[in-house]
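**Q** please find the sequence and the predicted model below.
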Amino acid sequence: MIKHLRSAADLDAATATLILDTAAEMAALSGREVKKLPALRGRTVVNLFYEDSTRTRISFEAAAKRLSADVINFSAKGSSVSKGESLKDTALTLQAMGADAVVIRHSASGAPHRLANWVEGSVVNAGDGTHEHPTQALLDAYTMRSRLGRLDGLKVAIVGDVLHSRVARSNVLLLTTLGAQVTVVGPPTLIPLEVGAALSDKTQVSYDLDAVLPESDVVMMLRVQTERMQDSYFPSAREYSRRYGLDVPRLKRLPEHAIVMHPGPMNRGMEIAPEVADSPRSTIVEQVANGVSVRMAVLYLLLGGK
Amino acid sequence: MAQPRADAPSKIILAGSDLSRVVDRIAHQILEKTSGATGTVLLGIPTRGVPLAHRLAARIHAFEGVEVPVGSLDITLYRDDLRLQATRALGKTELPAGGIEGLRVILVDDVLFSGRSVRAALDALKDLGRPSSVQLAVLVDRGHRQLPIRADYVGKNIPTAHSESVKVALTEVDGADEVRLIGGLQ
C-alpha cells in the first residue's frame, strides 16, 4: 500500500479498486446502530485546513472518528498562521505532537508534496490550489460505480472551469486509470490548448456541450470558481450559463441511464439549474454520503497496517 | 508465527467424503444442543467460515426442514494484530434480514488456533447487536490457545506442533474439499 495520497496519480488501477472495494464495506457501517470501528484506535489524524471548506473537512473528521482515531482540527484562521508561521514550522509542530496522518488543504498547489518531506506520518491531499483533490475523484468514481455498475468503458463528460479545477484534474487521472473515457467540455478560455494536451492522451476536449451530452453516461458539472478568476474568462454569467449550464432541455438530451454529478458547492442557476440539481438523476447528496465511506477506506488503508 | 515452507511435507487429515461427514455431525450436534435450531443464526467468519456456515444450514435443513438464517462477519478491523502486518483487504459483513438481536448466534470458522480471531469476532458482534447467546463451531481445533476460549462444536481435534500449520480447502473457495497438515513431519 502507498504511504501518502498526494495525487490521483499515486494510485494504480489495483490500488484504486482496493480503495473503492474497501469503501463499499465501510458504507455498510452507516446502516448500523454503532457507527464505529476500532481500526485506528490510538492514532491521531490532523485536519490542517488553510482554505475554507465545509464538506471535505467534516467528511474527513467523520471518517476518522468512525474509525476511532483522535482528530485534531486546525484551521488557519485563529491559529499562529495569522501571526506569520510558515507551513514548515506548523508541520514540525504537528510532527512533535505525533500526528500519524495529516490531511491538508492549501491554496498553494504542491503544498502536500512539500509537507510529505517534513512529517513522518502519511499525508492526504484534501485539495491544493488548482492542482488536485484525489479523495473527491475517488468518491466520484465510487458514486459512478455504485450507480452504473462499472467504470471500465464509461463515458464521462467533465464540464466547466477545467483550468482552475483540482476536481477535474484528479478525476481525469483516476478515471483514465480505471478505464473510463473522459471528455472535458468548456469554453476555450477555461480549457487552453496546453491544458487539454497535458491532461492525458486518452482524454478528449470539446467546446460544444450539446454535442457531447447524447454520448455521455456521466455528466460532471464543475463549479465556476469566481474567487479564482482575476481575469474575465467569459463575457457574462448569463452567457456562460446559456452555453455550458446544465438546464432541463439539456438534461433531456442525456441517455436514459445517465447521471448528473457536482462536487459542490453549487452555483444554482449558473452551471446547473435547480430543477436538474434536485432531479432523481442527480447524485449530489449521494456523493456527500459516499465521501465519508471513501475517506474511511483511504485512512484505513494508509494507517491501518504496519 | 513461523509458517512452514511451501515445499514442506504434508499429509491429508480429512479427504472430501470425511469432511462432509464431519459437517453432517456438527449439524446434528447443533440440532441436538439447540433443541431443533430455532431462534438460531449462523455467522461465518470469512473466508472459509462463510461457505461452512452455508453448508451447515443446508444440512440442518435437510435433516429437520428448519431454515437457519446465515450471514457473514468480517473481523479484520477488530484484529489485535492489525498494526503488526501490512494492511489487509476487508471481507464482507452481511447479517441475515432478521438481524441477531435476541437470537442465538453460532460463529462458524474453519480452524480454531490461538483464539484471537474468535475474540475479534466477539468484539465485532458487540457492535452489531446483542444476541441472547453466542456459540462457536469449528471444523478443526488444532490447540495452542492463547486466550480462554473454547468451541461448542468441533469437527476434528488435530494435535499439532507450533511449527506445523493446518490448511483447510473447500470446494467453494479452493475447488476441492480437504484438510491438510503441513510441515513438522520428517
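**A** Looks like it arrived, so ask away.

**Q** SS state for residue B:68?
**A** For residue B:68, the assignment made with DSSP: H, G, I helix; E, B strand; the rest coil gives coil.

**Q** for the residue lying closest to it once chain neighbours are set aside, give its distance to residue B:118.
**A** Nearest non-adjacent residue to residue B:68, counting by Cβ to Cβ, 6 or more residues apart in numbering or on different chains: residue B:57, 4.6 Å away. C-betas here are computed from N, CA, C, even on glycine. For residue B:57, the distance to residue B:118 equals 20 Å [Cβ to Cβ, to the nearest Å].

**Q** likewise for residue B:42?
**A** 15 Å.

**Q** repeat for residue B:169
**A** Applying Cβ to Cβ to residue B:169 and residue B:118 gives a distance of 21 Å.

**Q** ok, residue A:63 next?
**A** Relative to residue B:118, and taking Cβ to Cβ, residue A:63 is found at 29 Å.

**Q** ramachandran angles for residue B:151?
**A** phi -90, psi 150 (degrees, to the nearest 10).

**Q** circling back to that earlier point, residues near the residue nearest to residue B:68, how many?
**A** By other Cβ atoms under 10 Å in any protein chain shown, 23 other residues sit near residue B:57.

**Q** list the contacts of it.
**A** By Cβ atoms under 8 Å, 6 or more residues apart in numbering or on different chains, the residues touching residue B:57 are B:42, B:67, B:68, B:69, B:70.

**Q** give me the number of residues near the third one?
**A** By the other Cβ under 10 Å criterion, the neighbourhood of residue B:68 contains 24 residues.

**Q** over to the first one?
**A** Look at residue B:42: counted by other Cβ under 10 Å, it has 28 neighbours.

**Q** give me the element it is part of.
**A** strand B:40-44 (DSSP states H and E).

**Q** listing partners with orientation, what would you give for that strand?
**A** Using DSSP bridges, the strands paired with strand B:40-44 are strand B:70-72 (parallel), strand B:104-112 (parallel).

**Q** save the ones you listed as a markdown table, and put in mean pLDDT too.
**A** Converted to a markdown table, these look like this (pLDDT from 0 to 100):
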| stretch | mean pLDDT |
| --- | --- |
| strand B:70-72 | 97 |
| strand B:104-112 | 97 |
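
**Q** out of the ones you listed, which is the most enclosed?
**A** strand B:104-112 (a mean of 25; mean count of other Cβ atoms under 10 Å in any protein chain shown).

**Q** output the contacting helices and strands for the next helix or strand after that one.
**A** Downstream of strand B:104-112, the first helix or strand assigned by DSSP H and E is helix B:116-126. Packed against helix B:116-126 by the contact rule (3 or more Cβ pairs under 8 Å, 6 or more residues apart in numbering or on different chains; DSSP states H and E) you find strand B:104-112, strand B:133-141.

**Q** return the distance of the first one from the chain's centre.
**A** So that's strand B:104-112. Its chain's C-alpha centre and that of strand B:104-112 lie 4 Å apart, by Cα atoms, centre = their mean, to the nearest Å.

**Q** go on, the last one?
**A** Distance of strand B:133-141 from its chain centroid, counting by Cα atoms, centre = their mean, is 6 Å.

**Q** what lines up beside the helix or strand following that strand in the sheet?
**A** Next helix or strand after strand B:133-141 toward the C-terminus (DSSP H and E): strand B:153-157. Strand pairing for strand B:153-157, using DSSP bridges, gives strand B:133-141 (parallel).

**Q** buried residues, stretch A:201-215. List them.
**A** Judged by neighbour count using 16 or more other Cβ atoms under 10 Å in any protein chain shown, the buried positions of stretch A:201-215 are A:203, A:205, A:206, A:209, A:212, A:213.

**Q** same question but for stretch A:172-182, I mixed them up
**A** A:172, A:173, A:174, A:175, A:176, A:177, A:178, A:180, A:181, A:182.

**Q** what about the helix or strand harbouring residue A:73, near chain B?
**A** Per DSSP H and E: residue A:73 is located in strand A:70-75. No. Judged by Cβ under 8 Å from any Cβ of the partner chain, strand A:70-75 stays clear of chain B, getting no closer than 15.3 Å.

**Q** packing partners for that strand?
**A** Applying 3+ Cβ pairs under 8 Å, 6+ apart, we find strand A:70-75 packed against strand A:44-49, helix A:55-66.

**Q** let's have the strands paired with strand B:40-44 in TSV, adding distance to residue B:137.
**A** Listed next are the strands paired with strand B:40-44 as TSV, based on distance: least, Cβ to Cβ, whole Å:
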stretch	distance to residue B:137
strand B:70-72	12
strand B:104-112	5
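
**Q** could you check how far the nearest residue to residue A:216 once chain neighbours are set aside is from residue A:109?
**A** Excluding its sequence neighbours, the residue lying closest to residue A:216 (Cβ to Cβ, 6+ apart) is residue A:157, at 4.4 Å. Look at residue A:157 and residue A:109: by Cβ to Cβ, they are 25 Å apart.

**Q** give me the more crowded residue out of those two.
**A** Remark: of residue A:157 and residue A:109, residue A:157 carries more neighbours, 24 against 14, as counted by other Cβ under 10 Å.

**Q** which SSE is that one in?
**A** If you go by DSSP H and E, residue A:157 is part of strand A:155-159.

**Q** what's that strand packed up against?
**A** helix A:166-177, strand A:181-185, helix A:209-212, strand A:218-221.

**Q** now the angle from that strand to strand A:181-185?
**A** 20 degrees (axes from the mean of the first three to the mean of the last three Cα atoms, to 10 degrees).

**Q** distance from the chain centre to strand A:155-159, please.
**A** Worked out by Cα atoms, centre = their mean, strand A:155-159 lies 15 Å from the chain centre.

**Q** one more: stretch B:94-104?
**A** Centroid separation between stretch B:94-104 and its chain, computed with Cα atoms, centre = their mean, is 18 Å.

**Q** got the buried residues for that stretch?
**A** Neighbour counts over stretch B:94-104 (16+ other Cβ under 10 Å) mark B:95, B:100, B:103, B:104 as buried.

**Q** next, count neighbours for residue A:83.
**A** Residues near residue A:83, counting by other Cβ under 10 Å: 6.

**Q** ok, back up a step: tell me the one of the buried residues of stretch B:94-104 nearest residue B:86?
**A** Checking the buried residues of stretch B:94-104 against residue B:86 with Cβ to Cβ, the nearest one is residue B:95 at 28.6 Å.

**Q** how about the contacts made by that closest one?
**A** B:43, B:71, B:128, B:129.

**Q** do the same with residue A:146
**A** Contact analysis of residue A:146 by Cβ under 8 Å, 6+ apart lists A:24, A:290.

**Q** wasn't it part of a helix?
**A** Yes. Per three-state DSSP, residue A:146 lies within a helix segment.

**Q** give me the low-pLDDT residue ranges for chain B?
**A** For chain B, the stretches with pLDDT under 70 are B:1-4, B:6, B:184-186.

**Q** show me what from it comes close to chain A.
**A** Counting by Cβ under 8 Å from any Cβ, chain B sits next to chain A at B:74, B:77-78, B:82-94, B:123, B:127-129.

**Q** next one: the strand holding residue B:42 to chain centre, how far?
**A** A distance of 11 Å separates the centroid of the chain from that of strand B:40-44, by Cα atoms, centre = their mean.

**Q** give me the contacts around it.
**A** B:30, B:34, B:50-54, B:56-57, B:68-73, B:95-96, B:98, B:100, B:103-109, B:121, B:125, B:131, B:137.
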